[in-house]
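Colleague: 3D, please:
(chains A, B, C, D, E and F)
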There are 6 protein chains.
Amino acid sequence: MKQYEATWPEVGALDRDTVVLIPTGSIEQHGHHLPLGTDSILATAVAEEVEKAIPDKVLLTPTVWLGASGHHLPFSGSLSASFEGYDSVLRSIILSLAAHDFYRFYIVNAHGGNTEPNAVTLRKLRMENPNLQLGSIGYFHFIDQSVFDATLEGKRKGIRHACEAETSLMLHVRPDLVRKDKVKDDGLEPQPAVPGMVWHFDEVTTDGSLGEATRATAAKGETLFNAAVSGIVEAVSGLHAGVQLVETEY
Amino acid sequence: MKQYEATWPEVGALDRDTVVLIPTGSIEQHGHHLPLGTDSILATAVAEEVEKAIPDKVLLTPTVWLGASGHHLPFSGSLSASFEGYDSVLRSIILSLAAHDFYRFYIVNAHGGNTEPNAVTLRKLRMENPNLQLGSIGYFHFIDQSVFDATLEGKRKGIRHACEAETSLMLHVRPDLVRKDKVKDDGLEPQPAVPGMVWHFDEVTTDGSLGEATRATAAKGETLFNAAVSGIVEAVSGLHAGVQLVETEY
Amino acid sequence: MKQYEATWPEVGALDRDTVVLIPTGSIEQHGHHLPLGTDSILATAVAEEVEKAIPDKVLLTPTVWLGASGHHLPFSGSLSASFEGYDSVLRSIILSLAAHDFYRFYIVNAHGGNTEPNAVTLRKLRMENPNLQLGSIGYFHFIDQSVFDATLEGKRKGIRHACEAETSLMLHVRPDLVRKDKVKDDGLEPQPAVPGMVWHFDEVTTDGSLGEATRATAAKGETLFNAAVSGIVEAVSGLHAGVQLVETEY
Amino acid sequence: MKQYEATWPEVGALDRDTVVLIPTGSIEQHGHHLPLGTDSILATAVAEEVEKAIPDKVLLTPTVWLGASGHHLPFSGSLSASFEGYDSVLRSIILSLAAHDFYRFYIVNAHGGNTEPNAVTLRKLRMENPNLQLGSIGYFHFIDQSVFDATLEGKRKGIRHACEAETSLMLHVRPDLVRKDKVKDDGLEPQPAVPGMVWHFDEVTTDGSLGEATRATAAKGETLFNAAVSGIVEAVSGLHAGVQLVETEY
Amino acid sequence: MKQYEATWPEVGALDRDTVVLIPTGSIEQHGHHLPLGTDSILATAVAEEVEKAIPDKVLLTPTVWLGASGHHLPFSGSLSASFEGYDSVLRSIILSLAAHDFYRFYIVNAHGGNTEPNAVTLRKLRMENPNLQLGSIGYFHFIDQSVFDATLEGKRKGIRHACEAETSLMLHVRPDLVRKDKVKDDGLEPQPAVPGMVWHFDEVTTDGSLGEATRATAAKGETLFNAAVSGIVEAVSGLHAGVQLVETEY
Amino acid sequence: MKQYEATWPEVGALDRDTVVLIPTGSIEQHGHHLPLGTDSILATAVAEEVEKAIPDKVLLTPTVWLGASGHHLPFSGSLSASFEGYDSVLRSIILSLAAHDFYRFYIVNAHGGNTEPNAVTLRKLRMENPNLQLGSIGYFHFIDQSVFDATLEGKRKGIRHACEAETSLMLHVRPDLVRKDKVKDDGLEPQPAVPGMVWHFDEVTTDGSLGEATRATAAKGETLFNAAVSGIVEAVSGLHAGVQLVETEY
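Modeller: Predicted coordinates:
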């Protein structure tokens, strides 16, 4: 069920084992060829497809489109939540619905910069509310490395930023928003000498994208999209069925 | 220009006199007949119509759909931001774009519960950044009382909650989301003896709506919608042209 | 009962249906003719008169004299609370007395800039403590428009800032503090083209006051003062008697 | 000059070497015989006497009457600021006036529970604004031990709480507010075995006061009051003249 | 140089290209056989060895021993910082030294629960202070997978919690603190069906450790320890030499 | 028992009457002759000696080495916690262990700048958790004035900063860390005209120390150290035995 379009008695009638699905994205620069809303558009598209597949197991919230994007702020039109504000938005969504007795929440994230903030917020919430079941993961996590390897032609077999994979996904989901005449490869990379450093995108790219966007196709995007959706459908179904802990077989 | 769909170089190329238009709504109960997203849907519809009318004067952000709705929380599926979190979201949007040299921001609000928080946030921001031009107002403010009087048939000549006016607006904008078989009149009211008390909606209504929704029609909605849009177009054009202060004629 | 002068056993002996009355004002510029403490002086005077009229129904706290006055800060001697600090003061007063089982709180405000902050604080507190009865309103709300119309001679029939009405009130309450040789009319006003903008007082006035102060008289002040007091006495008595909710007669 | 009664141009005309004097008190239980406002009443009386003695050297703010009084909360009618809120009030007063170029601030405190919060706030402010000159001290600090010894007859030669000294001061300043028929000695004390423990007043007294109040007289109060006032006049005059640092003579 | 033992003129004389090295650990349960301080002990040991190897390139701060350990709190003696407090400690260390013109900071972490908080804090700091060079990484990151594979005999080739690797490290560093008679294997694991869920250690282990601790030896610990130290020495030396960004060779 | 070296089952087995002992120090300049860690080193040494004397009555936490030292920040290598961060660290330690049912906490402080923050934090915690027994005091408090008088030769009979007493203590505890060739007397002092002013150490000293360090000897340090330790042993034993309140004998 889509929360946005539902009435309160309809939500009130839901089974409380229902998994609340929360898409998180961003409004941030994606080079010259993809729109600022790219992450939010992809998060929404993936999550809506999941809701369509298993509507009885899911209450889908609107997409949290204001992400933690400080590393993109040097580029015009990019927005960044403060970490405290981002935390507060997630917390309010979850605690509002927990007050209505929902207890399973799963964040589907489309923006790398939200990964750590999502984790910190859920860890805080679980410490305060141990009865909640809380998870967060990138949609790209559900695309197996073998799928990336088989699908992508460029050097980087995974998701970077406005890259071959992400541009392909947009060509599949919202081709009208891809500026096809502006697509180009971009991206400096720090030498591996010092791992763990914090970089901003104006330091490591020329125009904001990171990867071989020129290799993107809608067909590749469809493959990746379907892999992500079916992975999330399986995960959410598992959560809905009840997570099992088993003794590891040492 | 719609920020969501624009690329960063396109935003970068905008004249900085452009007015940033920020729609604010809510996800909260609207009785048995209107969806939880009503306020956000109306804020978005009005603001997109404004952007369509004067695209060169406006940079339209996505709709802030998480409002200050604590007085609706007793009803399932309603969300409420904390006041601090709500403040932080608006602040992040405005300060991110102010860092790109935009300085005119105008909030178009569709949820009464956001009125005071919007004002508090803008007052704080202006104190810290006196060079910014900041405004906030409900779209319903732009519907003249004479229009309400001429259009509405029920007793209340104005906007309440899921009432004749709001239901009419939804019948105009998203008739597919109005549960026509669930429309009913509702609403207790405190006696006028003690003005200024804080009430929750489960204290003053039976099912969450406040007003004579049964009198709603799409035609009334269209009239109100057009009045709001043209009022905002005028206000934003005035802000774009440069606000004038004149000595009052005492 | 005045809290300031009472002992703890005297407060301890009060009926818990007693209404806690909290006056809120400011220390902010009021032009060349009224003192910085004007709003606090008027809030105190009105509230003390109410306490004198119905001493058994009221526990009167000291006046919160540090208001939200950022829009007056450009003028020397003006103070402004941060919104967080202002919130914290009201919250501490109410929660301290709620711990002693008082549950009815009514703020009588004399400074327009406190209106939104008062509302936000009470909404927060009520969400957290639904058993509390919380209200806030300007003393000027209780002066009926017909009284303003019959009393004031200038163009503005209502309260502005250091204006005909407010100066009259001070001439009634503390004539020794009115600098009669400095009284003058002042006040620019923004054109109505853009409603909802945040203005600072150095942008819209020459010397800090807004209105036709030269028309002020002590007699007008007495009329307005008495109207405000009797309105609050009625409201507080209503709250003390128990607020009734009645089904509206649609 | 008293800020409360001054107009903004009058404050604006002050020499910026003027010392801003800020009295801090509390609203908290003072046994059966003294009013809740005792500390605020004494802080105000002392500070106003100082202002009267050296009006050209002082800008006197209103009294901060909401103190840090958590250890008195078990007694009805006592209020306590949160430490954050208390900090915010002092910070707002000082920073508002610092924006008008005042730079010398001196807190005269009448409530022991404010001692540490005052110090913490001033340390924070000085770190952020090293150009400010900031001090805080209890009015009782200025009463020399020899004066206490010569004046008080009871065992405790100093200020406790609603004790011989404080009751004497109230008999001098506001005798109408002393419930003379309720005066009694009170006060348990922890054994000296464990210094530094945090105690609440319901743990160490029977009725809220700590000391030999029955020995109080107005004459003793006058002696103590005058000693405090002349000490503060000297200190403020020293600050006004410019504090000197001299090499210590080891 | 070790900050703890240095005087201020010695720190003052350092080249500002010096890398400030900040070890982060925890006080949290490590099963029946390892002490609560395990992570802090290992972080300290590794960092001190690095300082010994390249003393001229490093200013070593004391170890931040209070980590983000909410998932261990059910076990007695475990401490957890709030995320806000943890952030504040790192921020204060870095900003204090940045005020002395140091600009290179590298966190060496020994507790998995600090990974996300370290990242969030550094991202915040870098946004506010783009001139700082900030990095954070686990010491275990520097142990190549091939070294884990060649060294560990158990099923898990990496670091878990009080496991084969961590117990081996403690047998190398502080064998006196390993309770050898209490060493046992432990650890439930969630099925892979739902990735990204937040778990607490009482939900996934019997006694608090996770892995095959019975396979631990001091010799394995030495191998792992040396690998970590030499990796960090190389990284810090790289940072000291100046990080290079190079165009990637697509 | 030392928390750092204990396992969780060992802490779990402790009697809950055990006193949790928390040493607090700083990393701040101590002139040219003492290391930055002086306060933390002394706090640790004293507390460990106490733990050694009465191990069954004490659970000793690691030393909080990041103190409130803003007044020392002008000197290189000094660190200062924010007051909020310092509060958060103490709060997390105490609340984590309170969750394991410990209820007696005693802070042994070695840094004057922590005195007020320690008090504020414990007052807050006690208000929220009246069942906790909370105390905080400087180790120097336990050195009787008579001991100072008999031991010290310089003019100042007490603890200042890197002075005769503190340097003596370091010569006793960690003589290897005293730069004996750099010892000198230092220290300007404000005239007594204005008590209560906030000073920074670069304003009142030449090189950061305050007192007659040249008179320091290890023998004096041993005397002071032993006095402090035996005072704390007595206080903690008293707390362990149960604090008694007795009616004072007026």
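
Colleague: in contact with the residue of chain A found nearest chain C, which residues?
Modeller: Closest to chain C within chain A is residue A:99: 10.7 Å, counting by CB to the nearest CB. Just so you know, the C-beta spots here come from the backbone N, C-alpha and C atoms, and that holds for glycine as well. Neighbouring residues of residue A:99 by CB atoms under 8 Å, 6 or more residues apart in numbering or on different chains: residue B:73.

Colleague: where in chain A is pLDDT low?
Modeller: A:188-193, A:244-250 (pLDDT under 70).

Colleague: next, give phi and psi for the residue of chain A closest to chain C.
Modeller: phi -70, psi -20 (degrees, to the nearest 10).

Colleague: how close does it get to residue A:1?
Modeller: Counting by CB to CB, to the nearest Å, the gap from residue A:99 to residue A:1 is 18 Å.

Colleague: what do you get for residue A:171?
Modeller: Distance of residue A:171 to residue A:1, given as CB to CB: 30 Å.

Colleague: so does stretch A:149-160 get close to chain E?
Modeller: Yes - judged by CB under 8 Å from any CB of the partner chain, stretch A:149-160 comes into contact with chain E at A:154-155.

Colleague: buried residues in that stretch, which are they?
Modeller: The neighbour-count check on stretch A:149-160 (16 or more other CB atoms under 10 Å in any protein chain shown) flags A:151-152, A:154, A:156-157, A:159-160 as buried.

Colleague: next up, the contacts around residue A:198.
Modeller: With contact taken as CB under 8 Å, 6+ apart, residue A:198 is in contact with A:71, E:119, E:122-123, E:126, E:134-135.

Colleague: export those residues as CSV, with columns for neighbour count, distance to chain F and secondary structure.
Modeller: Shown next, in CSV, are the contacts of residue A:198 (neighbours: other CB atoms under 10 Å in any protein chain shown; distance: CB to the nearest CB, whole Å; DSSP: H, G, I helix; E, B strand; the rest coil):
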residue, neighbour count, distance to chain F, secondary structure
A:71, 23, 25, helix
E:119, 23, 18, helix
E:122, 23, 16, helix
E:123, 21, 18, helix
E:126, 20, 19, helix
E:134, 25, 17, strand
E:135, 24, 19, strand
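
Colleague: could those residues be laid out in JSON lines, adding distance to chain C?
Modeller: Below are the contacts of residue A:198 laid out as JSON lines (distance: CB to the nearest CB, whole Å):
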{"residue": "A:71", "distance to chain C": "29"}
{"residue": "E:119", "distance to chain C": "28"}
{"residue": "E:122", "distance to chain C": "27"}
{"residue": "E:123", "distance to chain C": "25"}
{"residue": "E:126", "distance to chain C": "27"}
{"residue": "E:134", "distance to chain C": "29"}
{"residue": "E:135", "distance to chain C": "34"}
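
Colleague: dump those to JSON lines, plus distance to residue C:186.
Modeller: Shown next, in JSON lines, are those (distance: CB to CB, whole Å):
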{"residue": "A:71", "distance to residue C:186": "49"}
{"residue": "E:119", "distance to residue C:186": "55"}
{"residue": "E:122", "distance to residue C:186": "52"}
{"residue": "E:123", "distance to residue C:186": "49"}
{"residue": "E:126", "distance to residue C:186": "49"}
{"residue": "E:134", "distance to residue C:186": "53"}
{"residue": "E:135", "distance to residue C:186": "58"}
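
Colleague: on that earlier part again, do you know how far the residue of chain A closest to chain C is from residue C:49?
Modeller: For residue A:99, the distance to residue C:49 equals 43 Å [CB to CB].

Colleague: what sits up against the helix or strand encompassing residue A:39?
Modeller: Per DSSP states H and E: residue A:39 is located in helix A:38-53. With contact meaning CB under 8 Å, 6+ apart, helix A:38-53 is reached by A:1-2, A:21, A:23-28, A:30, A:35, A:58, A:60, A:63, A:65, A:67, A:108-111, A:139, A:162, A:166, A:169-170, A:173-174, A:177, A:225, A:228-229, A:232-233, A:236, B:4, B:62.

Colleague: try it again at 6 Å.
Modeller: For helix A:38-53, the surrounding residues in contact (CB atoms under 6 Å, 6 or more residues apart in numbering or on different chains) are A:21, A:23, A:25-26, A:30, A:58, A:60, A:63, A:65, A:108, A:110-111, A:139, A:169, A:173-174, A:228-229, A:232-233.

Colleague: quick one: residues contacting the closest residue to chain F within chain A.
Modeller: The minimum distance from chain A to chain F, using CB to the nearest CB, falls at residue A:127 (10.7 Å). Going by CB under 6 Å, 6+ apart, residue A:127 touches residue E:70.

Colleague: so the helix of greatest length in chain A, near chain E or not?
Modeller: Ranked by residue count and defined by DSSP state H, the top helix of chain A is helix A:218-241. Yes - for helix A:218-241 and chain E, the contact criterion (CB under 6 Å from any CB of the partner chain) is met by A:235, A:238-239.
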